[in-house]
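A.B. asks: Can you look at this prediction? I've put the sequence above it.
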Amino acid sequence: MSSIRDVLRAAVESARDRAEAAGELRRPAGVAWPRVSLERPARPEHGDYATNAAMQLAPVVRDAPMRIAETLQRHLGLPAGVGEVSLAPPGFLNLRLDPTWVAGQVPAILVEGAEFGRVRTDQPRRINVEFVSANPTGPLTVGNARGAFVGDLLSRVLEGVGHTVTREYYFNDFGSQVTNLGLSLLARRDGTAVPEDGYHGEYVTELAGRIPDDVWAAATAQDADSGQVLGRWASEQIRAGIEESLARLGVRFDVWTGEGSLHDEGWVARAVDQLRTAGHVYEEDGATWFRSTALGDDKDRVIFRSNGQPTYFASDIGYLAQKFSRGFDELIYLWGEDHHGTVARVRNAAQAMGHDRETVQMILIAWVRFVRGGVVDSMSKRSGEFLSLDELLGEIGADAARWFFGSRASTSGIDFDIELAKRQSAENPVYYVQYAHARCSSILRKAAEGGLSPDAREASRLLVHPAEQALVRRLLALPEVVADAGDRRETHELTHYCLELAQLFSAFYRDCRVLPDDPSEVPLSQARLALTDATRQVLASALGLLGISAPESM
């Protein structure tokens, strides 16, 4: 099923083209028409949809928006479902759906089943989404969990609109942090003081107690780099634990890439040679530099320090080459907001390698503050004072965690109220939405026990109550919500949609008796049961995109 918005947009575009063919709209040669925009008005009296196409066209055809709107209205062939078109200053076309048509969409929603809302993009792409990528120097904390959820949800939505997605985790098993982790294990094993820049958590003591004999022998051999040997072993143990924690959250990865492999397999060296051949790399003061300023950066960037050691940026370059070698059309990185300074240099490196910089997108995720009883929890892996993801999931469950992490735009900070997430009441939005699904299921079970089943055949005639109409209209919006999430690479509107749908169902259930009091009410009751079933189905689909369960009873 195409979204109503797409159908209406096509109708307005056809009206514009007919007006141009009739000579009533004239545009300069070689000038393209702007894409028609359709929005849902904030005020219901303005209709179900509104377009500012006339105002978009005004600078092109050099005419007043209201006259253009009148022209579009004359040429508009009303598609099925539109009952009324009106004009509003300074040039809006307001479109109102026909109530009979709206009610008649309940059978169509039921026929679509789980596929309802799964729109398909016209240009499917192969997309790599890299997310979480926390350093494997300690268990995954709740501070990393937002990136896990945003990345997983974004991947689900991108797949939902027809893209092929590879989920990837990049971990730092190379460099000073891993060495410091190894030296911390060494100190715990030997009973000496942990280095000042080491790691002090109880997990370090636990890891030190289970170092295999062969790893210990390699770490303590003459001339061995003990910190690197122990650090690499420990980081792999921690990585495996991170994978288990993420699985409990319902997050999976297709690929796990270690920073060390980019150096060991030659990706960094080959990428730097490619940039050097293209004139983007130079040597100065004993260091190797990327000429990032030539591509708009505020300064050039060091690839190899004067002591020959690679920077993190060296790995970034190698990773770009490695990813693009796998045939991806687009790379999406989900980073913490403190990585803002890295964005330009990485996109510049991609451009210097011959790729379109727009195929490399970074989403910077704002921080989360965890609040318990009005007090903010502070966390640090290095000090060992942190709330692990496993502890959070054990306290509130995966469904609540997913909801609260996904309830705001990824670029907006969150105060995560742990006590609210634990409540089993209407105050807790995920509980409220899941309860709405469970209530739908309960109503349908109770009806079946009484020998009554949903029947949508007369829905277009019977579902005329304002609460019924409002509910069906919101059900029909799911394809638009999913399409917008895929286009904008922002998915928080899905949680808003679920909550609003649950609220509209609650109003419908309050205002419209679903189960009949006498036999004469049976046809209406069956139509309302069909609407209840459609609501249950759409709630389940939307919650499924969020990775949240849709319980049959609560």
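C.D. replies: Done, it's in.
A.B. asks: Most distant residue from the centre of the chain?
C.D. replies: Gln222 (49.6 Å; CA atoms, centre = their mean).
A.B. asks: three-state assignment of it?
C.D. replies: Three-state call for Gln222 (DSSP: H, G, I helix; E, B strand; the rest coil): coil.
A.B. asks: And it, how far from Val229?
C.D. replies: Gln222 sits 13 Å away from Val229, going by CB to CB, to the nearest Å. Just so you know, the C-beta spots here come from the backbone N, C-alpha and C atoms, and that holds for glycine as well.
A.B. asks: picking up where we left off before, ok, the residue farthest from the centre of the chain to Thr179 distance?
C.D. replies: As judged by CB to CB, Gln222 and Thr179 stand 18 Å apart.
A.B. asks: same deal with Glu24?
C.D. replies: In terms of CB to CB, Glu24 sits 73 Å off from Thr179.
A.B. asks: Look at these two and report which has more neighbours.
C.D. replies: Thr179 (21 against 18; other CB atoms under 10 Å).
A.B. asks: Contacts only, for the more buried one.
C.D. replies: Thr179 makes contacts with Asp225, Gly227, Gln228, Gly231, as judged by CB atoms under 8 Å, 6 or more residues apart in numbering.
A.B. asks: wait, which of these is closest to Thr121?
C.D. replies: Checking those against Thr121 with CB to CB, the nearest one is Gly231 at 43.0 Å.
A.B. asks: what helix or strand does the nearest residue to the closest one once chain neighbours are set aside sit in?
C.D. replies: Take Gly231 and drop its neighbours on the chain: the residue closest to it by CB to CB, 6 or more residues apart in numbering is Gly182, 3.0 Å away. Gly182 belongs to helix 176-190 when assigned by DSSP states H and E.
A.B. asks: Tell me which residues of the helix or strand following that helix come out buried.
C.D. replies: Scanning forward in sequence from helix 176-190 by DSSP H and E, the next helix or strand is helix 202-208. Neighbour-count burial for helix 202-208, with 16 or more other CB atoms under 10 Å as criterion, is recorded at Tyr203, Val204, Leu207, Ala208.
A.B. asks: and if you look at stretch 354-370?
C.D. replies: Across stretch 354-370, burial judged by 16+ other CB under 10 Å covers His355, Arg357, Thr359, Val360, Gln361, Met362, Ile363, Leu364, Ile365, Val368, Phe370.
A.B. asks: mind listing what the closest residue to the third one other than its chain neighbours touches?
C.D. replies: Of all residues not flanking Thr359 in the chain, Glu330 sits nearest, at 4.9 Å (CB to CB, 6+ apart). Taking CB under 8 Å, 6+ apart, we find Glu330 in contact with Arg125, Arg126, Ile127, Asn128, Thr359, Val360, Gln361.
A.B. asks: got JSON lines for those, with distance to Leu546 and secondary structure too?
C.D. replies: Output for these, formatted as JSON lines (distance: CB to CB, whole Å; DSSP: H, G, I helix; E, B strand; the rest coil):
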{"residue": "Arg125", "distance to Leu546": "23", "secondary structure": "coil"}
{"residue": "Arg126", "distance to Leu546": "24", "secondary structure": "strand"}
{"residue": "Ile127", "distance to Leu546": "19", "secondary structure": "strand"}
{"residue": "Asn128", "distance to Leu546": "22", "secondary structure": "strand"}
{"residue": "Thr359", "distance to Leu546": "27", "secondary structure": "helix"}
{"residue": "Val360", "distance to Leu546": "27", "secondary structure": "strand"}
{"residue": "Gln361", "distance to Leu546": "22", "secondary structure": "strand"}
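A.B. asks: next helix or strand past the lowest-mean-pLDDT helix or strand in the chain?
C.D. replies: The helix or strand of the chain with the poorest confidence is strand 375-376; it has a mean of 69 (mean pLDDT, DSSP states H and E). Going down the chain from strand 375-376, the next helix or strand is helix 389-396, by DSSP H and E.
A.B. asks: helices or strands up against that following helix?
C.D. replies: Applying 3 or more CB pairs under 8 Å, 6 or more residues apart in numbering; DSSP states H and E, one finds that helix 389-396 makes contact with helix 142-160, helix 226-249, helix 418-422.
A.B. asks: Need the winner for burial among the ones you listed.
C.D. replies: Ranked by mean neighbour count, the helices and strands packed on helix 389-396 are led by helix 142-160 with a mean of 24 (mean count of other CB atoms under 10 Å).
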